[in-house]
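**Q** Let me see the structure of the following:
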Amino acid sequence: METRANYILIGMFTLAVIAGIFGFVYWFQNAGATRVRVNYQVVFDGSVSGLRTGANVLFNGILVGEVTALKLDPAQPKQVVATIAVDKNVQIHSDADVGLEFQGLTGVAQVALKGGTTGAPLLEGSKENPPMLKAPSSATMDFTQAARDTLRRVDEFVASNQDIFKDALKNIDTFTQSLARNSARLDKIMEGAQNLVGGDDGKSGELMLAAKSIHTLSDNLDKRTEEINGNLNSLLVVGRKNVEMVGNDLHRTLGTIDTAVKNFDKNPSRLIFGGGNKQ
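**A** As a prediction, this is how the structure comes out:
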């Protein structure tokens, strides 16, 4: 009995959760139902493919209502009359633009209201006789019609430029035939380019060898430059020493000459008759 009671409690809890989920979804979908809305009628000339009851109504891109009804006008078989319920706080002027917008690639349509000038009168009516908006003929163009128009324009473009396309195709064919006739020459050119760039192994091409030679020459120049700099430094050191030695000898020679001149001044006859210094 205790196990059975537990099963009953679990079942009741599960049902309560399911009921709560459904209640939340219902509340979420009808959250805006309590808003006060005003009905308008929109007249479309032609097909409104993709427009369904419950579709959104946008004003300048903002959601303001929904489509509540769709019907044909008995007096005008080409026209479709859509009844839309719009938030009463949204002011729609008589010169407002109305049309259809399609969501992505799904083809789902929604009514789009745009603009309107401040000086234009507001649309007024009653629940029994709602105010009316007239959509332009281009508003009912769906994706299919747009695709047909695009394809028609492409076909017209191709038809008007047939000669140009034929000449282009002929030139392409001539170029292809020329390539086929000169395939052997092209192979030789490609082989020469390969040999020039990288060779069969990708390392022995003429450019690669030239680059290696330039690199080796650069290394040798660096080594020779170092050797030349070393020799110049050695030569400068030796030259400096030799200059110092010559300078010392010259200094001693000048000293000797100076002494001889002084002696000559003291005893000029010694230079002629010889002999020691006289006191």
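**Q** which intervals of the stretch 51-200 of the chain have sub-threshold pLDDT?
**A** 104-107, 139-149, 194-200 (pLDDT under 70).
**Q** all helices of it, in order?
**A** Assigned helices in the stretch 51-200 of the chain, in chain order: 143-160, 162-181, 183-197 (criterion: DSSP state H, counting those that start in this stretch).
**Q** Residue 222 is nearest to which of those helices?
**A** helix 183-197 (27.5 Å; CB to CB). C-beta: built from backbone N, CA, C; applies to glycine.
**Q** Mind checking what helix or strand follows that closest one in sequence?
**A** Going down the chain from helix 183-197, the next helix or strand is helix 206-266, by DSSP states H and E.
**Q** Output the contacting helices and strands for that next one.
**A** helix 183-197, helix 269-273 (3 or more CB pairs under 8 Å, 6 or more residues apart in numbering; DSSP states H and E).
**Q** ok now that helix, how far from the chain's centre?
**A** Relative to its chain's centre, helix 206-266 lies at 65 Å (CA atoms, centre = their mean, to the nearest Å).
**Q** Kindly report the same for stretch 115-134.
**A** Relative to the centre of its chain, stretch 115-134 is centred 46 Å away, using CA atoms, centre = their mean.
**Q** CA atoms only for it, dumped as CSV, please.
**A** Output of stretch 115-134 as CSV, limited to C-alpha atoms (Å, rounded to 0.1, in the frame of the first residue of the first chain):
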residue,chain,number,x,y,z
GLY,A,115,6.1,56.4,-41.7
GLY,A,116,3.3,58.9,-42.1
THR,A,117,3.6,62.7,-41.7
THR,A,118,2.5,64.5,-38.6
GLY,A,119,0.3,66.9,-40.5
ALA,A,120,-1.8,64.1,-42.1
PRO,A,121,-5.0,63.1,-40.3
LEU,A,122,-5.2,60.0,-38.2
LEU,A,123,-7.2,57.1,-39.5
GLU,A,124,-10.5,56.8,-37.6
GLY,A,125,-13.3,54.3,-37.6
SER,A,126,-15.4,52.0,-35.5
LYS,A,127,-15.3,48.3,-34.7
GLU,A,128,-18.1,47.7,-37.3
ASN,A,129,-16.5,50.0,-39.9
PRO,A,130,-12.7,49.9,-39.3
PRO,A,131,-10.4,52.5,-41.1
MET,A,132,-8.9,51.3,-44.3
LEU,A,133,-5.4,51.3,-45.8
LYS,A,134,-4.6,50.7,-49.4
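**Q** What lies in contact with that stretch?
**A** Applying CB atoms under 8 Å, 6 or more residues apart in numbering, the set of residues contacting stretch 115-134 from outside is 38-43, 60, 83, 91-98, 113.
**Q** Now do residue 172 against residue 187, distance only.
**A** In this view, residue 172 and residue 187 are 22 Å apart by CB to CB, to the nearest Å.
**Q** Could you do residue 50 as well?
**A** Counting by CB to CB, the separation of residue 50 from residue 187 is 59 Å.
**Q** Look at these two and report which has more neighbours.
**A** Taking neighbours as other CB atoms under 10 Å, residue 50 and residue 187 compare with residue 50 leading, 18 against 10.
**Q** tell me the SS of the more buried one?
**A** Secondary structure state of residue 50, per DSSP: H, G, I helix; E, B strand; the rest coil, is coil.
**Q** Contacts only, for residue 103.
**A** Residues near residue 103 by CB under 8 Å, 6+ apart: 109-110.
**Q** returning to what we had before: mind listing which of the contacts of stretch 115-134 are in strands?
**A** Among the contacts of stretch 115-134, DSSP state E puts 38-43, 83, 97-98, 113 in strands.
**Q** For the contacts of stretch 115-134, which PyMOL command selects only the ones that are buried?
**A** The buried residues among the contacts of stretch 115-134 can be selected in PyMOL (16 or more other CB atoms under 10 Å) with this line:
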select buried, resi 38+39+40+41+42+92+96+98+113
